[in-house]
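Visitor: Build me a model from this:
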Amino acid sequence: MPYEWEILLELPDTAAAVYDMEVQFKTEMNEYHYKPKISFNGSTTECYTELTSNLLLLIK
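Guide: So this is what the prediction gives:
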């Protein structure tokens, strides 16, 4: 991975529930999406400049 990163949350649940949550948050954060200069798996869909308030509440 070309970037430093940290795990913010581990959420044990069913694959379906986690997928649904991921889709919801990706939709909410669409306005904060950006494409990094160095690509990696997921770089076109999983990079954001900010997190939504709903997501911040979940990870705190």
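Visitor: so what does the helix of greatest length in the chain touch, helix or strand wise?
Guide: The longest helix of the chain (DSSP state H) is helix 15-28. In terms of contacts (3 or more Cβ pairs under 8 Å, 6 or more residues apart in numbering; DSSP states H and E), helix 15-28 is packed against helix 53-59. (Each C-beta comes from the backbone N, C-alpha and C, glycine too.)
Visitor: Give the rounded mean pLDDT of the helix it packs on.
Guide: If you average the pLDDT over helix 53-59, you get 89.
Visitor: counting contacts, what elements does that helix pack onto?
Guide: helix 15-28.
Visitor: can we see that at 7 Å?
Guide: The helices and strands touching helix 53-59, judged by 3 or more Cβ pairs under 7 Å, 6 or more residues apart in numbering; DSSP states H and E, number zero.
Visitor: Residues in contact with it: which ones?
Guide: With contacts defined as Cβ atoms under 7 Å, 6 or more residues apart in numbering, helix 53-59 is touched by 8-9, 25, 28.
Visitor: Buried residues in that helix, which are they?
Guide: residue 55 (16 or more other Cβ atoms under 10 Å).
Visitor: starting at the chain centroid, how far to that helix?
Guide: Centroid separation for helix 53-59 versus its chain: 11 Å, with Cα atoms, centre = their mean, to the nearest Å.
Visitor: cool, and stretch 38-48?
Guide: The answer for stretch 38-48 is 10 Å, by Cα atoms, centre = their mean.
Visitor: Contacts made by the longest helix of the chain with the rest, please.
Guide: Residues from elsewhere that reach helix 15-28 (Cβ under 7 Å, 6+ apart): 11, 45, 52, 54-55.
Visitor: Tabulate the contacts of helix 53-59 (a markdown table), appending pLDDT.
Guide: Output for the contacts of helix 53-59, formatted as a markdown table (pLDDT from 0 to 100):
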| residue | pLDDT |
| --- | --- |
| 8 | 86 |
| 9 | 86 |
| 25 | 91 |
| 28 | 93 |
